[in-house]
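>>> For reference, the sequence and a predicted model appear below.
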Amino acid sequence: MHKNAFIQAFVAAGLIASAPFAQAASTLVYCSEGSPAGFDPGLYTTGTDFDAGAETVFNRLSQFERGGTAVTPGLAEKWDISDDGLTYTFHLRQGVKFHTTDYFKPSREFNADDVLFTFNRMLNKDDPFRKAYPTEFPYFTDMGMDNNIAKIEKLDDHRVRFTLNTVDAAFIQNMAMSFASIHSAEYADQLLKAGKASDINQKPIGTGPFVFSRYQKDAQIRYKGNKEYWLPEDVKIDNLIFAINTDPSVRMQKLRAGECHVSVFPRPADLETLKKDPKLQMPEQAGFNVGYLAYNTEHKPFDKLEVRQAMDMAVNKQAIINAVYQGAGQVAVNGMPPTQWSYDDTIKDTPYNPEKAKELLKAAGVPEGTEITLWAMPVQRPYNPNAKLMAEMLQADWAKIGIKARIVSYEWGEYNKRAKAGEHDALLIGWTGDNGDPDNWLGVLYGCDSIGGNNYSRLCNREFDGLLKKAKAINDREERTALYKQAQHLLKADVQNTPIAHSTVYQPMSTRVKDFKISPFGINSFYGVSIE
């Protein structure tokens, strides 16, 4: 396409309205898969939300290296840990500026007050801002941080001390995660006084590499490169645009036409065509993820173990891998991937056996023709390229054992909200690891503290939970591994979920894009990225 025609195509699409050509040269368009539910990372748990807020607008005290799991300093230059492992003193970076926008102009630089506001709002349900904008913080509570952080103290403008009730071996990794993004206390105070507290979720202010400009639901999000970023070498793009489209074939068409430069979640059927396109590059890596089926144990008949066992053994996983993943995945046995340290490879999967499944259902008193709802995600995720097709295959599998599954779906934000409230019978969902620690799988997805959050089976096994809490309070990796292996055996025996697949992650992009790193955590970051 001729350069002028290329620019006109953007203007026609409403993506770069009246942008001068010089500016367009440093514009990167990312074809994203869905609209975020909001821009306050503490309120959410999905990569769609984190990409739009945490990875663009915000920073955290510690942060993960690009494309890796190692933790590096962020808004904290360094930290001290007490000998007993219960006290963390963060030394805050000086000279960091919050964003200036048409709705906020900071009068001071980042300091300890911002850290206190960010975490006290999550800790204290009586916090004035939280009372003005009633919200929950699912990740924070799923990880038990609301119970484990005893207090946060401002020692001076550039030092903050966290005191824990019990040792948390992954505390620094947790603080690097998206939900721990640091807000401006000054902006929050301005919103509170104006009676507009909820704007914190629609008009975000952070210290990150990109400044929020505007959002049009189901269409686009616009950001400007932060010219005052504390790591100026990381901002190489003047304009960043998220062009939102839930249809993977449309995203790939846009990518091949040059209408976007980076995209996500190609359909397995499109991989070979994309790989052959000379204008594209296709980095890939083994997914640090699991796609699974959760049974709501608070809904009959899934309150009975033998029913969950029957549903589990009636799932033809290999057929799903062949049809849905088309070779870009492997059968999942456990509730976390084999690439996670402490994974127990002695655990064997339950063989596919519809005849035995029928017998179990009959013994459990479940009549033939019993109806359930099966929820299927409306969007592609790294762990599931086609939830609709997967749901249809599960529907057919279960019909063979006399269970009628009605497939249900909602818009992605609504899907998550209703699923956390436990409205489903059976639910397709999944997870990409967030910090490289086993607790990020076993605790966050299946622990007692996560009911109402990411524990979609809503089952609390106190023995399992006790093993997790014991492991979290130990720093020795061998001791932790032994405890996590015991926990995996209990998880498998409970059958609160049917693990289905670990997918391979592909990230198609233009050859013009330089230094993009695939994150093992399934998030998309554009700091440090440039476009020719």
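Great, that's in hand. All values reported here derive from a predicted model rather than from experimental measurement. Numbering: from 1, shown residues only.
>>> looking at the sheet around the closest residue to residue 399 other than its chain neighbours, what are its partners?
Excluding its sequence neighbours, the residue lying closest to residue 399 (Cβ to Cβ, 6 or more residues apart in numbering) is residue 405, at 7.6 Å. No exception for glycine: its C-beta is placed from N, CA and C like everyone else's. On the basis of DSSP bridges, residue 405 is bridged to residue 372.
>>> Which pLDDT does the model give residue 405?
At residue 405, the pLDDT value in this model is 98.
>>> Same question for the one 10 residues further on.
pLDDT, the model's per-residue confidence, is 96 for residue 415.
>>> That one is in contact with residue 377, isn't it?
Yes - with contact defined as Cβ atoms under 8 Å, residue 415 counts as touching residue 377 (6.3 Å).
>>> circling back to that earlier point, any idea how far residue 416 is from the residue nearest to residue 399?
Using Cβ to Cβ, to the nearest Å, we find residue 405 at a distance of 21 Å from residue 416.
>>> Which helix runs longest in the chain?
Scanning the chain for the helix with the most residues, using DSSP state H, yields helix 477-494.
>>> Output the contacting helices and strands for that one.
helix 439-446, helix 462-472 (3 or more Cβ pairs under 8 Å, 6 or more residues apart in numbering; DSSP states H and E).
>>> if we look at it, which residues are touching it?
For helix 477-494, contacts defined as Cβ atoms under 8 Å, 6 or more residues apart in numbering pick out 169, 305, 308, 334-336, 341-344, 347, 438, 442, 446, 459, 461, 463-464, 467-468, 470-471, 474.
>>> so how far is that helix from its chain's centroid?
24 Å (Cα atoms, centre = their mean, to the nearest Å).
>>> which strand of the protein spans the most residues?
For the chain, the longest strand by residue count, based on DSSP state E, is strand 497-506.
>>> In that one, which residues are buried?
Neighbour counts using 16 or more other Cβ atoms under 10 Å place 497, 498, 499, 500, 501, 502, 503, 504, 505, 506 of strand 497-506 among the buried residues.
>>> Restrict it to CA atoms and write it as PDB.
Only the C-alpha atoms of strand 497-506 are listed here, as PDB (Å, rounded to 0.1, in the frame of the first residue of the first chain):
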ATOM      1  CA  ASN A 497     -11.700 -28.600  37.600                       C
ATOM      2  CA  THR A 498     -10.900 -30.500  34.400                       C
ATOM      3  CA  PRO A 499      -7.600 -29.200  33.100                       C
ATOM      4  CA  ILE A 500      -7.800 -29.300  29.300                       C
ATOM      5  CA  ALA A 501      -4.800 -27.700  27.600                       C
ATOM      6  CA  HIS A 502      -1.500 -25.800  27.700                       C
ATOM      7  CA  SER A 503      -1.300 -23.700  24.500                       C
ATOM      8  CA  THR A 504       1.600 -22.500  22.500                       C
ATOM      9  CA  VAL A 505       1.600 -18.700  22.300                       C
ATOM     10  CA  TYR A 506       2.100 -17.000  19.000                       C
END
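>>> Starting from that strand, tell me which strands it pairs with and how they run.
strand 284-286 (antiparallel), strand 289-295 (antiparallel), strand 329-331 (antiparallel).
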